[in-house]
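Novice: Coordinates only, no sequence provided:
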Ligand code: HH2
């Protein structure tokens, strides 16, 4: 899953894909590098980010989404926490919803059920603005798995088909480095829920912290290591900015895991 952020402030690619023409070019390039789907978002959820009103999110998102839709044939997901934004994105050609709040908006799960589209349910502790303030868990792996199991059950109760549910432990969303490492190490516990697992490690700050303070542009090789181990642990969808490199890492890891 290639990442396209139609935002001015995303932590690693902010401002680069606000222009629809440039976003469409970037989308085509990611597909050429092997992306099987693309995730388009217009609200940064990086730690400390302020929420974006729906009207502003739609103003950024729709022109980019339409241009990307016209440029590539792979499925497109919309990265949003708002049902009203998801609805408009589905009308503009998106195929699935990626919700980092796992359906907190009460209209989100019924919308996906009615539209018959898949939804990614991600674990996040609290809100982006405050989620990195002293995150604490008794047992991060057990608690994240329990949360995702409960949200998947809620999605099914709302009418989402079981095979339209994807779960994501939410690397970096209200977690310390140790929490992120535990979740990557025990990806099998998330995969055991029985839904495909999506993981986003791309350029994230835990990599920088492990790599002596490396900035986002210098987290590529570390990210490849994390992608490979996530695949070995059962992750099926990797949300990445650097498609060609991460595709190679995933292909090799998958071959080893299957040998
Ligand atoms: N990470 C980010 C955004 N959306 N969605 C899922 N399902 N899983 C993730 O790990 C995930 C996500 C954050 O990364 P990015 O989009 O690069 O940054 P920003 O939130 O600053 O736009």
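Specialist: Now that the structure is in, tell me what you want to look at. Owing to the predicted nature of the structure, the values given are computational and were not obtained by experimental measurement.

Novice: What residue in the stretch 151-259 of the chain comes nearest to the ligand?
Specialist: Closest approach between the stretch 151-259 of the chain and the ligand, counting by CB to the nearest ligand atom: residue 200, at 2.3 Å. (Each C-beta comes from the backbone N, C-alpha and C, glycine too.)

Novice: list the contacts for that residue?
Specialist: 3, 168, 170-172, 238-240 (CB atoms under 8 Å, 6 or more residues apart in numbering).

Novice: With residue 102 as the reference, measure out to it.
Specialist: 14 Å (CB to CB, to the nearest Å).

Novice: How about residue 169?
Specialist: Distance from residue 169 to residue 102, by CB to CB: 11 Å.

Novice: So which of the contacts of residue 200 reach the ligand?
Specialist: 3, 168, 170-171, 239 (CB under 6 Å from any ligand atom).

Novice: Farthest pair within those?
Specialist: Spanning the widest gap among those are 3 and 170, at 14.9 Å by CB to CB.

Novice: Would you agree residue 208 is in contact with residue 223?
Specialist: No. Look at residue 208 against residue 223 with CB atoms under 8 Å: they stay out of range, at 10.3 Å.

Novice: more crowded one of those two?
Specialist: residue 223 (23 against 17; other CB atoms under 10 Å).

Novice: Locate that one within the secondary structure: which element?
Specialist: Here residue 223 sits within helix 220-232, counting by DSSP states H and E.

Novice: and the helix or strand just after that helix, average pLDDT?
Specialist: Sequence order places strand 237-238 as the next helix or strand after helix 220-232, per DSSP H and E. Mean pLDDT, computed over strand 237-238, is 98.

Novice: Tell me which strands strand 237-238 pairs with, and in which orientation.
Specialist: The strands beside strand 237-238 in its sheet (DSSP bridges) come out as strand 198-199 (parallel).

Novice: All the helices of the stretch 1-150 of the chain, in order from the start?
Specialist: Counting by DSSP state H, counting those that start in this stretch, the stretch 1-150 of the chain has helices at residues 20-32, 54-71, 83-91, 108-115, 140-157.

Novice: what separates the last one from the chain centre, distance-wise?
Specialist: A distance of 17 Å separates the C-alpha centroid of helix 140-157 from that of its chain, computed with CA atoms, centre = their mean, to the nearest Å.

Novice: Ok, the fourth one next?
Specialist: In this view, helix 108-115 has its centroid 19 Å away from the chain centroid, taken as CA atoms, centre = their mean.
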